[in-house]
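>>> Show me how the following folds:
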Amino acid sequence: MSSSRGSSPVTAVDEDRTSRTGAERERPQRRRRERTERGFSAIRTGLTAWLSRPLASFHLVLALTGLLTVLGIVMVLSASSVSSLDPKTGSGVYSLFKKHVLFVGIGCVVFWIGLRVPLKHFRRLSPTAMVGSLGLLLLVLTPLGSNINGSQGWFKLGLFSFQPVEVGKVALALWGAHILVTKNAVIHQWRHLLVPVVPAALLMFALVMAEPDLGATVTLAVVLLALLWFSGAPKRLFGVVLAGGLAGVLVLALISPYRLARVLSFLSPDTDIKGAAYQATQAKYALADGGLFGMGLGQGQSNWGYLPNVQNDFIFALIGEELGFVGCLVVLGLFAGVAIVGLRIATRNLDPWIRIVAGTLTVFLVSQAAINIGYVVGLLPVTGVTLPLISYGGTSLVITMLIMGILANAARHEPEAVAALRSQGPGKFGRLLWLPAPDPYRPPAKRKSPTGRGGASKAAARPAPRSARPAPAQERRRSVREPSRRSTAARGAAVRGTGTRGSTPKRAPAPRRGNW
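Coordinates of the predicted model:
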């Protein structure tokens with residue numbers, strides 16, 4: 001008992017020292033944790049404050065366009081330096097790179113046009129653009145068109161080539177949004193929802209498949225689905241459309257030998273490594289060789305002929321090989337930023353046409369990037385869709401720059417941006433690019449009387465019945481000078497009060513509110 005009593009004070013002191021030591025050790029960790037939390041909260045507060053600025057969406061579109069374009073220039077230089085060297089034709093190492101830079105310059109001019117021209121002019125010209133696109137798609141099937149890589153979908157203009165289907169994608173988005181907004185009052189009816197947008201889109205699908213070009217057809221289908229989604233079509237419609245689209249793709253794949261070979265190589269890539277599955281297999285090898293940080297710019301082996309068309313459809317594989325997994329994450333983050341900013345522009349605008357156009361073009365760009373990255377990593381069959389703003393330029397690069405310019409123009413039409421630009425001036429970028437102040441959105445005037453099949457013009461053209469015509473001037477003066485006895489008696493009864501004491505006169509019933 002005595003020994004236990006003597007040892008208890010020492011044990012209490014040791015426990016006290018141990019608790020102090022533990023508290024002293026936890027104190028720096030707690031301080032670091034609090035410092036980290038304060039840093040994250042400050043970053044979150046600053047980012048929220050910056051995003052709440054009126055022109056935040058506009059600046060984000062400019063930044064994303066610039067970053068993707070610069071990344072594309074660097075990767076095209078790395079990918080085409082070997083394949084562009086041809087002693088027979090005399091082309092040097094930088095021949096494809098110079099053409100790409102030229103296309104980037106043309107795209108910058110087109111970007112400025114999409115940013116500078118008022119959006120109401122784009123809407124007004126959208127029917128003409130749609131008819132012109134259908135005409136070009138029909139004309140390219142004639143001997144005037146050129147067959148490149150097995151597709152009769154190009155116009156050759158000297159050293160340059162032009163692909164009309166890229167113009168058709170933008171024309172379908174602008175014109176389809178115009179039709180759906182114009183028919184907004186009757187869009188709940190199926191025939192007004194589907195006609196004439198769906199028949200015109202199916203005609204464009206048929207002309208593109210006649211080239212044939214399955215990848216462009218898939219992206220056109222994405223544009224049509226996005227138009228119907230952002231216009232408020234019922235969800236059960238999309239199940240029918242997706243089922244029909246998958247059935248159509250399956251039929252097209254079965255009736256064409258080269259498409260069937262691509263599908264079979266996707267389902268079993270190990271059976272034909274040196275044939276139909278060669279590009280997909282080499283792309284996976286390139287991604288595997290890149291590792292985490294890559295082999296460095298210009299150090300990849302894919303641009304030495306191991307991966308055909310690496311500067312066009314499979315440039316994402318070269319990004320993974322030379323910049324590694326980190327570079328692939330950067331590309332994915334940039335396209336995720338395009339998706340977020342584009343949908344932000346669509347939700348913050350008041351004009352329904354701008355909302356549908358911004359949402360449709362955003363979904364189109366991000367879906368095209370997802371399809372390209374999907375078949376490079378082996379998740380989708382190879383369809384020949386380029387990576388927007390990064391693949392080797394041409395018609396696709398110029399049209400993508402036009403789309404980004406339209407999105408930047410739509411960002412300047414947000415209500416807060418319109419108020420700031422009209423009250424505080426155009427700002428630095430506005431003065432530099434000579435941008436006019438956007439007009440505020442004014443909703444169209446509502447029609448007071450509904451129109452039937454004949455319309456309001458036919459009803460207005462019919463003569464009014466005799467009872468509804470205005471009385472002559474002499475009769476109107478006589479009615480004013482000599483009021484009728486009935487009206488005099490009614491006024492007297494109203495003054496004296498004809499009801500019982502304490503009763504209130506009955507009011508006229510209020511008009512019934514219906515569907516105006």
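
>>> what's Y375 in contact with, if anything?
By CB atoms under 8 Å, 6 or more residues apart in numbering, the residues touching Y375 are A280, P381, V382, T383, V385. Every C-beta, even on glycine, is put in place using the N, C-alpha and C of the backbone.

>>> next one: R348
S57, E414, P415, E416.

>>> got a markdown table for the contacts of Y375, with distance to P143, pLDDT and neighbour count too?
Listed next are the contacts of Y375 as a markdown table, based on distance: CB to CB, whole Å; pLDDT from 0 to 100; neighbours: other CB atoms under 10 Å:
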| residue | distance to P143 | pLDDT | neighbour count |
| --- | --- | --- | --- |
| A280 | 34 | 88 | 22 |
| P381 | 31 | 88 | 20 |
| V382 | 29 | 87 | 22 |
| T383 | 27 | 85 | 20 |
| V385 | 27 | 91 | 25 |
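
>>> Closest one to L267 out of those, please.
When the contacts of Y375 are compared for distance to L267 (CB to CB), P381 wins out at 8.6 Å.

>>> Now the nearest residue to the closest one once chain neighbours are set aside: which helix or strand?
Residue nearest to P381 in three dimensions, not counting chain neighbours: F266, with 4.1 Å by CB to CB, 6 or more residues apart in numbering. Of the helices and strands defined by DSSP states H and E, F266 is found in helix 257-267.

>>> rewinding a little: of the contacts of R348, which pair is most distant in space?
Applying CB to CB across the contacts of R348, the maximum distance is between S57 and P415, 11.8 Å.

>>> higher neighbour count, these two?
Between S57 and P415, counted using other CB atoms under 10 Å, the more crowded position is S57 (26 against 14).

>>> which residue packs closest to the more buried one, ignoring adjacent ones?
Of all residues beyond its chain neighbours, the one nearest S57 is A411 (3.9 Å), with distances taken as CB to CB, 6+ apart.

>>> ok, the one you found - contacts?
So A411 contacts L55, S57, F58, L60, V61, V341, I345, A417 (CB under 8 Å, 6+ apart).

>>> Need the three-state assignment for the second one.
Of the three states, S57 takes helix under DSSP: H, G, I helix; E, B strand; the rest coil.

>>> what helix or strand does the spatially most central residue of the chain sit in?
Residue closest to the average C-alpha location in the chain (CA atoms, centre = their mean): T362, at 1.3 Å. Assigned by DSSP H and E, T362 belongs to helix 352-376.

>>> From S265, how far off is L228?
33 Å (CB to CB, to the nearest Å).

>>> Okay, buried residues for the strand of greatest length in the chain please.
For the chain, the strand with the greatest residue count under DSSP state E is strand 151-157. Going by neighbour count (16 or more other CB atoms under 10 Å), the buried part of strand 151-157 is S151, Q152, G153, W154, F155.

>>> ditto for stretch 379-399
By 16+ other CB under 10 Å, the buried positions in stretch 379-399 come out as 380-399.

>>> just curious, which of the contacts of R348 is nearest to V330?
Of all the contacts of R348, S57 has the smallest distance to V330: 21.3 Å, by CB to CB.

>>> just the angle between the helix or strand following the helix holding F266 and helix 352-376, please?
The C-terminal neighbour of helix 257-267 among helices and strands, as given by DSSP H and E, is helix 278-290. In terms of direction (axes from the mean of the first three to the mean of the last three CA atoms, to 10 degrees), helix 278-290 departs from helix 352-376 by 80 degrees.

>>> Low-confidence regions, this structure specifically.
1-25, 90, 446-516 (pLDDT under 70).

>>> Surely S256 and M209 touch.
No: using CB atoms under 8 Å as the test, S256 is too far from M209 to be in contact (9.6 Å).

>>> just to revisit the earlier point, most widely separated two among the buried residues of strand 151-157?
Farthest pair in the buried residues of strand 151-157 (CB to CB) is S151 and F155. Separation: 12.4 Å.

>>> Now the closest residue to G430 other than its chain neighbours: which helix or strand?
Leaving aside its sequence neighbours, G430 sits nearest to L421 (CB to CB, 6+ apart; 6.9 Å). Per DSSP H and E, L421 falls inside helix 415-424.

>>> Just the CA trace of that helix, in PDB.
What follows is helix 415-424, C-alpha atoms only, in PDB (Å, rounded to 0.1, in the frame of the first residue of the first chain):
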ATOM      1  CA  PRO A 415     -27.700  42.100 -68.400                       C
ATOM      2  CA  GLU A 416     -24.900  43.100 -66.000                       C
ATOM      3  CA  ALA A 417     -22.400  43.400 -68.900                       C
ATOM      4  CA  VAL A 418     -24.800  45.500 -71.000                       C
ATOM      5  CA  ALA A 419     -25.500  47.900 -68.000                       C
ATOM      6  CA  ALA A 420     -21.700  48.200 -67.300                       C
ATOM      7  CA  LEU A 421     -20.700  48.800 -71.000                       C
ATOM      8  CA  ARG A 422     -23.400  51.400 -71.600                       C
ATOM      9  CA  SER A 423     -22.800  53.300 -68.400                       C
ATOM     10  CA  GLN A 424     -19.000  53.000 -67.900                       C
END
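
>>> Quick one: distance of it to the chain centre.
24 Å (CA atoms, centre = their mean, to the nearest Å).

>>> Now do the helix or strand just after it: everything it contacts.
Sequence-wise, the next helix or strand downstream of helix 415-424 (DSSP H and E) is helix 427-433. Helix 427-433 is contacted from outside by L55, F58, H59, L62, W112, L115, R116, L421, L435, A437, using CB under 8 Å, 6+ apart.

>>> Now do the last one against G248, distance only.
Spelled out, it's A437. Distance from A437 to G248, by CB to CB: 46 Å.

>>> swap in the first one?
Taking CB to CB as the measure, L55 and G248 are separated by 43 Å.

>>> From the chain's centroid, how far away is stretch 350-360?
Relative to the centre of its chain, stretch 350-360 is centred 9 Å away, using CA atoms, centre = their mean.

>>> no, scratch that, I was asking about stretch 332-350
The answer for stretch 332-350 is 8 Å, by CA atoms, centre = their mean.

>>> Can you give me the buried ones in it?
So stretch 332-350, judged by 16+ other CB under 10 Å, has buried residues 334-335, 337-339, 341-346, 348-349.

>>> Format the residues you listed as CSV; extra columns: secondary structure and distance to L71.
Formatted as CSV, the buried residues of stretch 332-350 follow (DSSP: H, G, I helix; E, B strand; the rest coil; distance: CB to CB, whole Å):
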residue, secondary structure, distance to L71
L334, helix, 8
F335, helix, 11
G337, helix, 13
V338, helix, 13
A339, helix, 17
V341, helix, 17
G342, helix, 19
L343, helix, 22
R344, helix, 22
I345, helix, 22
A346, helix, 25
R348, helix, 27
N349, coil, 29
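
>>> In CSV, list those residues along with distance to L292.
Shown next, in CSV, are those (distance: CB to CB, whole Å):
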residue, distance to L292
L334, 19
F335, 21
G337, 22
V338, 25
A339, 25
V341, 28
G342, 30
L343, 31
R344, 32
I345, 35
A346, 36
R348, 38
N349, 41
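
>>> Tell me which two of the residues you listed sit farthest apart.
L334 and N349 (23.0 Å).

>>> Which secondary structure elements does the helix holding F266 sit against?
When contacts are defined as 3 or more CB pairs under 8 Å, 6 or more residues apart in numbering; DSSP states H and E, helix 257-267 sits against helix 235-255.

>>> for the helix it packs on, packing partners?
Packing contacts for helix 235-255, counted by 3+ CB pairs under 8 Å, 6+ apart, involve helix 214-230, helix 257-267.

>>> quick one: the last one to chain centroid distance?
Chain-centre distance of helix 257-267: 30 Å, with CA atoms, centre = their mean.

>>> Also stretch 352-362?
Using CA atoms, centre = their mean, the offset of stretch 352-362 from its chain centre is 7 Å.

>>> hmm, who's touching that stretch?
119, 123, 170, 173-174, 176-178, 180-181, 184, 223, 226-227, 229-231, 338-339, 342-343, 345-347, 349, 403, 406-407, 410, 413.
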